[in-house]
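>>> A predicted structure for the sequence below; I have some questions about it.
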Amino acid sequence: QVQLVESGGGLVQAGGSLRLSCAASVRTFSNYRMAWFRQGPGKEREFVSGISRSGGTSYYVDSVKGRFTISRDNAKNTVSLQMNSLKSEDTAVYYCAATQLVSSTRTPRNYDYWGQGTQVTVSS
């Protein structure tokens, strides 16, 4: 069983930055590929960024490339999402998710464990 708890959301002006963190309660965090998803008002849940078990490989949805950076610390059981140059369209609830799948995946149903979400609101 994996428990995930996100933090770091809030209200920020367009162009600003936020850093989201996700703390995992699990014996071997490095066994899990991690990702961030988001769900805006009236929208489906969308993949934002993912990172491999070792942290050596990361990938992003095109709309956040160059603005967001995902990282993980396997010693601290945490994964983070640094969000810069925020836009109003980034407004959403952001979720941390974990999967034991070996290959990368952007599909929500392939992730077994989810956090409760943290709200990010970007004002224009």
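Cool, got the structure.
>>> Name the nearest residue to residue 24, sequence neighbours excluded.
Among residues not flanking residue 24 along the chain, residue 77 sits closest, at 4.6 Å (C-beta to C-beta, 6 or more residues apart in numbering). C-beta: built from backbone N, CA, C; applies to glycine.
>>> Next, count neighbours for the one you found.
19 (other C-beta atoms under 10 Å).
>>> Could you do residue 37 as well?
With other C-beta under 10 Å as criterion, residue 37 counts 24.
>>> Looking at the host helix or strand of it now, give me its mean pLDDT.
Using DSSP states H and E, residue 37 sits in strand 33-39. Mean per-residue pLDDT for strand 33-39: 98.
>>> what's the distance between it and the middle of its chain?
Chain-centre distance of strand 33-39: 4 Å, with C-alpha atoms, centre = their mean, to the nearest Å.
>>> Show residues contacting that strand.
Strand 33-39 has contacts (C-beta atoms under 8 Å, 6 or more residues apart in numbering) with 20, 22, 24, 45-53, 70, 72, 79, 81, 90, 92-102, 104-106, 108, 111, 117, 120.
>>> Note down every partner strand of that strand and its orientation.
Its sheet considered, strand 33-39 pairs with strand 46-51 (antiparallel), strand 92-99 (antiparallel) by DSSP bridges.
>>> Neighbours of the closest residue to residue 40 other than its chain neighbours, how many?
Nearest residue to residue 40 in three dimensions, chain neighbours excluded: residue 92, at 4.1 Å (C-beta to C-beta, 6+ apart). Using other C-beta under 10 Å, residue 92 has 22 other residues around it.
>>> Residue 92 pairs with what?
Beta-bridge partners for residue 92, by DSSP bridges, are residue 120.
>>> Check it and give its pLDDT.
At residue 92, the predicted lDDT confidence score is 98.
>>> Surely it is in contact with residue 117?
No. Using C-beta atoms under 8 Å, residue 92 is not in contact with residue 117, being 9.1 Å away.
>>> Would you mind listing the buried residues in stretch 10-23?
12, 18, 20, 21, 22, 23 (16 or more other C-beta atoms under 10 Å).
>>> swap in stretch 87-102?
Result for stretch 87-102 [16+ other C-beta under 10 Å]: buried residues 90, 91, 92, 93, 94, 95, 96, 97, 98, 99.
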